[in-house]
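Student: no sequence for this one, just the structure:
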């Protein structure tokens, strides 16, 4: 079903109250307002959000699944770290998943009576551009993740979705929190157009090349991560 709205996709299975706590904390972590190591106590958060500890606990469990917080039993919960070493491995894993599955997605979309993958992806790029013009980087990143997960859904490999979801979250968190130079958000949205064009043409090789280039150029050290010179050492020139 086409996704024509500019609103990020929400998890409708999550109760409204815990979902509100989850979204608020996720935004603050992704944007760097809550720094790595910041303690998060259920009692304090319940007071802040005006709710019981139950919704807070559900929200923290969801954030743990995303890898954004670390829960250590009686020692409490804290915001997870966001290191270059983890980012490198997430980029590599993400590229492997996406470039290996996009040919299957194109094949399955081409067999459908009314292929909707390309139309959905184009609508999501439009949504990203609208959010970029509104200078909503967080919202843009939410739709960006939906763009890439939409391709995987077409490939019908659901067990990979939570893995890709976590990679996407950490890639975006790293990019947002570690980039000091101003980012051209409209250009960020339009970087997805070559992928859409390859899917529209139903050319798997072009889609693999477009996705590979897209992922490798997300951050400055990206090309070094995927070259043939061996493992990249984060922080190296």
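Tutor: Structure received. Worth saying up front: this structure is predicted, and the values here are computed from it rather than measured.
Student: now the spatially most central residue of the chain: which helix or strand?
Tutor: By Cα atoms, centre = their mean, the chain has its centre lying nearest to residue 168, at 3.1 Å. Using DSSP states H and E, residue 168 sits in helix 161-178.
Student: if you count contacts, what does that helix end up packed against?
Tutor: Here helix 161-178 touches helix 16-30, helix 53-66, helix 84-111, helix 137-155, going by 3 or more Cβ pairs under 8 Å, 6 or more residues apart in numbering; DSSP states H and E. (C-beta placed from N, C-alpha, C; glycine too.)
Student: thinking again about what came up before, which residues touch the residue nearest to the centre of the chain?
Tutor: Taking Cβ atoms under 8 Å, 6 or more residues apart in numbering, we find residue 168 in contact with 94, 144-145, 148-149.
Student: which residues of the chain score low on pLDDT?
Tutor: 1-18, 112-115, 179-181, 220-237 (pLDDT under 70).
Student: do I have it right that residue 62 meets residue 21?
Tutor: No - Residue 62 sits out of contact with residue 21 when judged by Cβ atoms under 8 Å, with a separation of 9.1 Å.
Student: tell me which of those two has more neighbours.
Tutor: residue 21 (24 against 20; other Cβ atoms under 10 Å).
Student: separation between residue 177 and residue 81?
Tutor: 11 Å (Cβ to Cβ, to the nearest Å).
Student: between these two, which one's more packed in?
Tutor: More crowded of residue 177 and residue 81, by other Cβ under 10 Å: residue 177, with 15 against 11.
Student: is it true that the more buried one touches residue 82?
Tutor: Yes - Residue 177 is in contact with residue 82 according to Cβ under 8 Å; the separation is 5.8 Å.
Student: and for this structure, the residue most distant from the center?
Tutor: The outermost residue of the chain relative to its centre, with distances by Cα atoms, centre = their mean, is residue 74 at 30.3 Å.
Student: which phi and psi values does that residue adopt?
Tutor: Dihedral pair for residue 74: phi -70, psi -10, per degrees, to the nearest 10.
Student: got it, and residue 72?
Tutor: Torsion angles, degrees, to the nearest 10, at residue 72: phi -120, psi 50.
Student: next: residue 68.
Tutor: Dihedral angles for residue 68 - degrees, to the nearest 10 - are phi -90, psi -20.
Student: and for residue 81?
Tutor: Per degrees, to the nearest 10, the backbone of residue 81 is at phi -80, psi 170.
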